[in-house]
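Trainee: Requesting a structural model of the entry that follows:
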Amino acid sequence: MINKRHLPSLSAMQCFEAAARHMSFTRAADELSLTQSAVSKQVSQLETLLAHHLFRRVRKRLQLTPEGSVYLTEVRKILSQVEMSTRYMRSYGADSEVLNVATLPTFGSRWLIPRLKGFRLSHPDISLNITNRAEPFDLEKERIDIAFFFGHGAWPGAECVHLLDEEVVPVCSPDILAAEGLHSPMQLTRLVLMQNAQRPEAWHDWFEAQGFYTEQSYHGPRFDSFYMSIRAAQAGCGVALVPRFLAAEELLEGKLVIPWHYALKSRDAYYMAYPEHKAELSKISRFTDWIATRLEQDMKSIPPCVNEILE
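Mentor: Numbers count the residues shown, from 1 in each chain. Down below sits the predicted model:
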């Protein structure tokens, strides 16, 4: 265990960060309401503690050393975390509460955000903090109140609410379809099959469900999100296999078409999760009730003609 006497003070790190940003002890001192000598002394003590020079003094100007550049990156992470933690605690239990929401990137921008319209007006005491998360994480360690995810509907220590099932369909630019004139799903292999990094088996499963197999299932450019796949398909880069509802806007506007009308129903679905011990918190229940209401409104407001176009 590191001796606490060997740990730098927060004040010393603030002095170093400000001096590195301004490349001046004088400017750093003005910003921090300290004297120039106080800032210089803090940085000097920090250099002694680290056993590395953080600055070079060249012609009365400061320059970061390589060690200083490395340490500056770490110090900024620490100061940023301290700032976020302080803001979190200042809002904890106050009249205005922060609700930390994590969502899949494309699902968040295409489905979640449009359904948050009016939430702030109806719940002015709740401030939403929304972040993208594509990889698994721990709700408690990350201090996430609500998480939207795609999976089996299970999350350790969390209540999971089913939201949407999913069908994946191939989409491409209408220009590609006009040029190719497809008569079989296997003809898609003549095009570029764009891959999703989170669903490496997607094309294989889609072909297999129709009784086909091709080595091309795993070949093609790989994208981190469905949004990028959709944009690439619209640009004519190839064919993307995406959840139908995430490409609904482009399909309705004719910017994308479905070259082969076979929709594969996914084994997993979209869920909303929150820690079990937070279920009774007002900010959690009000947000989940809002989402449930919007889901009901969605079911009532989809005209038959929209379904026909998407199918």
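Trainee: in the chain, which helix has the most residues?
Mentor: Assignment by DSSP state H gives helix 66-91 as the longest helix of the chain.
Trainee: Can you name every helix or strand that that one contacts?
Mentor: Applying 3 or more C-beta pairs under 8 Å, 6 or more residues apart in numbering; DSSP states H and E, one finds that helix 66-91 contacts helix 10-22, strand 97-103. No exception for glycine: its C-beta is placed from N, CA and C like everyone else's.
Trainee: wait, which of these is closest to Phe119?
Mentor: strand 97-103 (9.7 Å; C-beta to C-beta).
Trainee: I'd like to know which elements the helix or strand following the closest one is packed against.
Mentor: For strand 97-103, the succeeding helix or strand toward the C-terminus, using DSSP states H and E, is helix 105-107. Judged by 3+ C-beta pairs under 8 Å, 6+ apart, the packing partners of helix 105-107 are helix 226-234.
Trainee: quick check: mean pLDDT across the helix it packs on?
Mentor: When pLDDT is averaged over helix 226-234, the result is 96.
Trainee: after that helix comes which helix or strand?
Mentor: strand 239-243.
Trainee: Bridge partners for Tyr270, pull those for me.
Mentor: In this entry, Tyr270 is beta-bridged to Phe150, Leu164, by DSSP bridges.
Trainee: what about it, neighbour count?
Mentor: By the criterion of other C-beta atoms under 10 Å, Tyr270 has 23 neighbours.
Trainee: Just list the residues touching it, thanks.
Mentor: Each residue near Tyr270 by C-beta atoms under 8 Å, 6 or more residues apart in numbering is listed here: Phe107, Trp111, Phe148, Phe149, Phe150, His162, Leu163, Leu164, Asp165, Glu166.
Trainee: got the buried residues for the longest helix of the chain?
Mentor: Residues Gly68, Tyr71, Leu72, Val75 are the ones in helix 66-91 that count as buried (16 or more other C-beta atoms under 10 Å).
Trainee: Stretch 261-272 now?
Mentor: For stretch 261-272, burial by neighbour count (16+ other C-beta under 10 Å) applies to Ala263, Leu264, Ser266, Ala269, Tyr270, Tyr271, Met272.
Trainee: Trp203 and Gln195 touch, don't they?
Mentor: Yes. If you go by C-beta atoms under 8 Å, Trp203 and Gln195 touch, sitting 7.2 Å apart.
Trainee: Overlap of the contact sets of those two?
Mentor: Tyr218.
Trainee: Name the SS class of Asp138, please.
Mentor: Of the three states, Asp138 takes coil according to DSSP: H, G, I helix; E, B strand; the rest coil.
Trainee: name the element Tyr274 belongs to?
Mentor: Using DSSP H and E, Tyr274 sits in strand 269-275.
Trainee: any idea of the mean pLDDT for stretch 259-270?
Mentor: For stretch 259-270, the mean per-residue pLDDT is 94.
Trainee: ok, Gln210 - contacts?
Mentor: Pro185, Tyr262.
Trainee: Which pLDDT value goes with the spatially closest residue to Leu139 that is not a sequence neighbour?
Mentor: For Leu139, ignoring the flanking residues on the chain, the nearest one in space by C-beta to C-beta, 6 or more residues apart in numbering is Pro275 at 5.3 Å. We have a pLDDT of 93 for Pro275.
Trainee: Phe137 too?
Mentor: If you check Phe137, the pLDDT there is 85.
Trainee: hang on, it packs against Ala102?
Mentor: Yes. Phe137 lies in contact with Ala102 (C-beta under 8 Å); the separation is 7.3 Å.
Trainee: Between the helices and strands packed on helix 66-91, which has the poorest mean confidence score?
Mentor: With a mean of 91, strand 97-103 has the lowest mean pLDDT of the helices and strands packed on helix 66-91.
Trainee: neighbouring contacts of that strand?
Mentor: With C-beta under 8 Å, 6+ apart as the test, strand 97-103 has contacts from 87-88, 91-92, 112, 125-133, 137, 142-148, 283-284, 287.
Trainee: From these, list the buried ones, please.
Mentor: Among the contacts of strand 97-103, those classed as buried by 16+ other C-beta under 10 Å are 112, 126, 128-129, 133, 144-148, 283-284, 287.
Trainee: domain assignment for the protein?
Mentor: Listed domain ranges for the chain are 4-91, 97-166+268-310, 167-265 (source: automatic domain parsing).
Trainee: Can you tell me the centre-most residue of the protein?
Mentor: Compute the mean C-alpha point of the chain, and by C-alpha atoms, centre = their mean the closest residue is Asn132, 1.5 Å away.
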